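J.: Sequence first, predicted model second:
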Amino acid sequence: MSEVKKFMYLNRRAPYGTIYAWESLEVVLIGAAFDQQVSLMFVDDGVYQLVKGSKPADIEMKNFTPTYRTLGDYGVRHMFVDKASLEARGLTQDDLIEVEWEDWETEEEVDNIVEVIDADKVVELLDESDVVFSF
Amino acid sequence: MAIEVNGKTFEVDEEGYLANINDWEPGVAEVMAKEDELELTDEHWDIIKFLREYYEEYQIAPAVRVLTKAVAKKLGKDKGNSKYLYGLFPYGPGKQACRYAGLPKPTGCV
């Protein structure tokens, strides 16, 4: 059996204004369906992708923040958020959506896979990934 | 392209998916099913209803694997399996049921 590779999707841009965030999310939805080990990392303006209560309808965009909440069902096990990026924007974990994860066979559950981590951990995680996709 | 439902016209894309999800009404599913020579039963409607609720909550059409698991969780394992779902929707529960429900084609579906 071939070894499962660790994929990291690094998200650094605001959700609207460019297509990057949505494209990244679409690739994750497709990639996760192929049973890779998929994690997401949110750094810089990328942290805005997970902020609750966005109303992009005002700028005639579809609100895709709810879609991140289904990623647990797509087998995404970790969503990491850079602490310094949050703090620089006056945000805390309370401002972010929660994403549940459940193993459908073992019924193991995690209430929230969104995890705020410090810079050292960000570097470590990027380092140990086999593949990093940067958006 | 467009389809005709109870005297009203609904715009669809080149693969037959409804252009605007908010236009949907049950008659749309009925007309689409009739074109596929499929008669919709309560079991079909359970899945169609489920998909509309899923979209309402997450803003996407689920991949078939995710749909299967989510149906198992909500409606029980006797319904949340490929055999049952393909039995209801022979063209593929992802594509066909999403189309009937007025959803876009599932992401990653070719």
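T.: Arrived safely, thanks for sending. Residues are numbered from 1 along each chain as shown, chains lettered A, B, ... in the order given.
J.: Quick one: residues contacting the nearest residue to residue A:121 once chain neighbours are set aside.
T.: Spatial nearest neighbour of residue A:121, chain neighbours left out: residue A:80 (7.5 Å); criterion: Cβ to Cβ, 6 or more residues apart in numbering or on different chains. To be clear about C-beta, it is placed using only N, CA and C from the backbone, and glycine gets the same treatment. Counting by Cβ atoms under 8 Å, 6 or more residues apart in numbering or on different chains, residue A:80 touches A:39-42, A:115-117, A:121-122, A:125.
J.: can you pick the most crowded of these?
T.: In terms of neighbour count, residue A:40 stands highest of these at 29 neighbours, by other Cβ atoms under 10 Å in any protein chain shown.
J.: hey, what's residue B:8 bridged with?
T.: residue B:5 (DSSP bridges).
J.: Return the residues of chain B in contact with chain A.
T.: B:57-60, B:62-63, B:65-66, B:69-70, B:72-73, B:107-108 (Cβ under 8 Å from any Cβ of the partner chain).
J.: repeat that with 10 Å
T.: Chain B comes close to chain A at residues B:54-60, B:62-70, B:72-73, B:77, B:80, B:106-109, as judged by Cβ under 10 Å from any Cβ of the partner chain.
J.: could you flag which of those are buried?
T.: Neighbour-count burial (16 or more other Cβ atoms under 10 Å in any protein chain shown) applied to the residues of chain B next to chain A gives B:54-55, B:58-60, B:62-70, B:72, B:80, B:106-108.
J.: The spatially closest residue to residue A:51 that is not a sequence neighbour: what's it in contact with?
T.: Nearest residue to residue A:51, sequence neighbours excluded (Cβ to Cβ, 6+ apart): residue A:95, at 5.5 Å. By Cβ atoms under 10 Å, 6 or more residues apart in numbering or on different chains, residue A:95 lies in contact with A:47-48, A:50-53, A:86, A:89.
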